[in-house]
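Novice: generate a structure from the sequence data that follows.
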Amino acid sequence: QVQLVESGGGLVQTGGSLRLSCAASGRTFSSLFMGWFRQAPGKEREFVAVISGNGGNAYYADSVEGRFTISRDNAKTVYLQMNSLKPEDTAVYYCAAALFKAGVRAHEYHYWGQGTQVTVSS
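Specialist: Reported below is the predicted structural model:
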């Protein structure tokens, strides 16, 4: 079992920055692929970013490439640094963990956090 707890969401103006954190517990962290997804009201959950178990590889959705950065540390935490935020980034952001190599599809992930709200005002 893996437990995931997100934090760091909030209200920010257009062009601002936020850093989301996801604390993991319950399983060897380094073996997990970690991803971030988001879901806006009335829309389907969409992929944001993923990072490999050793942190050596990361992949981003086109909509956030160059603005968001995913990273992880040895303290069982994965981060999502979000810069140059836009109103369309407003959503609930979810952290997810995969037992095997994972990519952009939500069904590849086995564990999910409860989500944290990010609101970008125009």
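
Novice: find the residue at the geometric middle of this structure.
Specialist: residue 36 (2.3 Å; Cα atoms, centre = their mean).

Novice: the chain: strands as residue ranges?
Specialist: 3-7, 10-13, 18-25, 33-39, 46-51, 58-60, 68-72, 77-82, 91-98, 111-112, 116-121 (DSSP state E).

Novice: and the fifth one, what does it pack onto?
Specialist: Applying 3 or more Cβ pairs under 8 Å, 6 or more residues apart in numbering; DSSP states H and E, one finds that strand 46-51 makes contact with strand 33-39, strand 58-60, strand 68-72, strand 77-82. C-beta: built from backbone N, CA, C; applies to glycine.

Novice: got those as CSV, with mean pLDDT and distance to residue 26 columns?
Specialist: Output for the helices and strands packed on strand 46-51, formatted as CSV (pLDDT from 0 to 100; distance: least, Cβ to Cβ, whole Å):
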stretch, mean pLDDT, distance to residue 26
strand 33-39, 97, 14
strand 58-60, 97, 23
strand 68-72, 97, 16
strand 77-82, 97, 14
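
Novice: and residue 104, which of the strands of the chain is closest to it?
Specialist: Of all the strands of the chain, strand 46-51 sits nearest to residue 104, with 4.1 Å by Cβ to Cβ.

Novice: next, the angle from the closest one to strand 33-39.
Specialist: 160 degrees (axes from the mean of the first three to the mean of the last three Cα atoms, to 10 degrees).

Novice: can you pull the contacts of the residue nearest to residue 59 when sequence neighbours are not counted?
Specialist: Closest residue to residue 59 apart from its sequence neighbours, by Cβ to Cβ, 6 or more residues apart in numbering: residue 50 at 5.3 Å. Contacts for residue 50 were tallied using Cβ atoms under 8 Å, 6 or more residues apart in numbering; they are 33-36, 58-59, 70, 102-104.

Novice: against residue 93, how distant is residue 50?
Specialist: 14 Å (Cβ to Cβ, to the nearest Å).

Novice: what residues are shared contacts of those two?
Specialist: residue 36.
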